[in-house]
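Asker: Quick one: sequence plus predicted model below, questions after.
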Amino acid sequence: MKTEISAETEKENTADTEVISIEQTFDAMFALEATREKTKVLGYIPSFFTTASLPFRNVNKQVFVRKGSNGITLTLTSPKNVPFGKYGRLLLSVLTTHAVLSRAKNEAVFIEYSTLAELLKEMQLPKQRGKDIREQLECFSNAAFAFEQKVTESKAGYLFADMYENGNYPKKDVIVTTRSTGNIRFTEGVQYQEIDDGQDVKFGRFKIILSAEFAGFCQRHAVPIDYTVYKEISSASGKDLYAWLVYRNNGIEQNKPVFIPRKNLVEQFMPVEENANRSQESVNYSRLIDELKLIKEKYYPEVKFDIKSDGTGVMLYKSPTPVLKDDTRYALITANI
């Protein structure tokens, strides 16, 4: 026996079905967004660039010098303009990550993107940032960095017996200064095409060849970072501080905190110009402290440090490491390409 259903009842049932369908759709959308929010992306940056890094903004210079900690001096050179700012740092992280993940060691690394959108997707950036990334790619394309480090330490004299005649080496400790230098190109070549159809301009077929010396340098001296967090930090100085905290934490022993004097902190992250007002150091130090507080509040809550109330500096303590090499909690930055 067939049950008759009135048109009004059928309409009500259909409406209920539509409401359920819409609600389920929204639930699915929110579930998807929640999943995306939990996705963490692993990237790398050269550990060297945690102690001395790129300029914060466009300096319009072919040479840029930055003094870092531990006697390190970074010199960036480019025939056009040196890379800079937060987008320069993000692109450096992407290039470094490709170098670290390459199966070939100490060899040139070839990277391809069919479109600019593909590169932006990997960098987790909207299409509006395309011009900024192309600008930084141009800066990196012919750039190189030179580093110089001078380390002075006390060592036992017998360790240098081969430098003295007839075994007359010093029987006590000696002061040893080690000077190290290097000059490394970021890339061997960069190529991409610009297509103008009369109404719009497209950019694609990107080919980037990382130099063998840069790839090898990254493979030996890179620190893993939470790229998603690194990207979200809005200021260039904040990105530098976050990367430094992650890297510096590796060298801190439990119950053996490390004191970073105010002068060193300013000199490394926000140096004062020689002709600047004397109060500028205080201003820059205050800005760095604000950045550190923000990083702890929003980006690296596990980090442990004390800001000295007398303004003399910051004490760093051993903290939980936010990301480790080959961390299974993270997807690689290149995973979705």
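Answerer: Alright, I've got the coordinates. Numbers count the residues shown, from 1 in each chain.

Asker: what are the ranges of the strands in this structure?
Answerer: Residue ranges of the strands in the chain, as given by DSSP state E, are 41-46, 63-67, 72-77, 109-115, 144-156, 173-185, 187-196, 201-210, 222-226, 258-261, 304-307, 313-317, 331-332.

Asker: Could you point out which of these sits nearest Lys131?
Answerer: strand 201-210 (9.6 Å; Cβ to Cβ). Every residue, glycine included, has its C-beta placed from N, CA and C.

Asker: Counting by contacts, list what that closest one packs against.
Answerer: helix 85-101, strand 109-115, helix 116-122, helix 130-141, strand 187-196 (3 or more Cβ pairs under 8 Å, 6 or more residues apart in numbering; DSSP states H and E).

Asker: ok, and for it, which residues are buried?
Answerer: 203, 206, 208, 210 (16 or more other Cβ atoms under 10 Å).

Asker: gap between the residue nearest to Thr312 when sequence neighbours are not counted and Ile289?
Answerer: What sits nearest to Thr312 in space, not counting adjacent residues and going by Cβ to Cβ, 6 or more residues apart in numbering, is Arg262, at 5.7 Å. Separation of Arg262 from Ile289 (Cβ to Cβ, to the nearest Å) stands at 9 Å.

Asker: Quick one: the helices and strands packed on strand 201-210 as CSV, columns for distance to Phe48 and mean pLDDT too.
Answerer: Shown next, in CSV, are the helices and strands packed on strand 201-210 (distance: least, Cβ to Cβ, whole Å; pLDDT from 0 to 100):
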stretch, distance to Phe48, mean pLDDT
helix 85-101, 10, 96
strand 109-115, 18, 96
helix 116-122, 23, 95
helix 130-141, 16, 96
strand 187-196, 17, 95
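
Asker: Return the most buried member of the ones you listed.
Answerer: helix 85-101 (a mean of 23; mean count of other Cβ atoms under 10 Å).

Asker: Show me what that helix is packed up against.
Answerer: So helix 85-101, by 3+ Cβ pairs under 8 Å, 6+ apart, packs with strand 41-46, strand 109-115, helix 130-141, strand 201-210, helix 212-220, strand 222-226, helix 227-232, helix 236-249.

Asker: Tell me where the model's unsure across the stretch 101-250 of the chain.
Answerer: Within the stretch 101-250 of the chain, no stretch has pLDDT under 70.

Asker: show me the contacts for Tyr300.
Answerer: Going by Cβ atoms under 8 Å, 6 or more residues apart in numbering, Tyr300 touches 229, 242, 245-246, 322.
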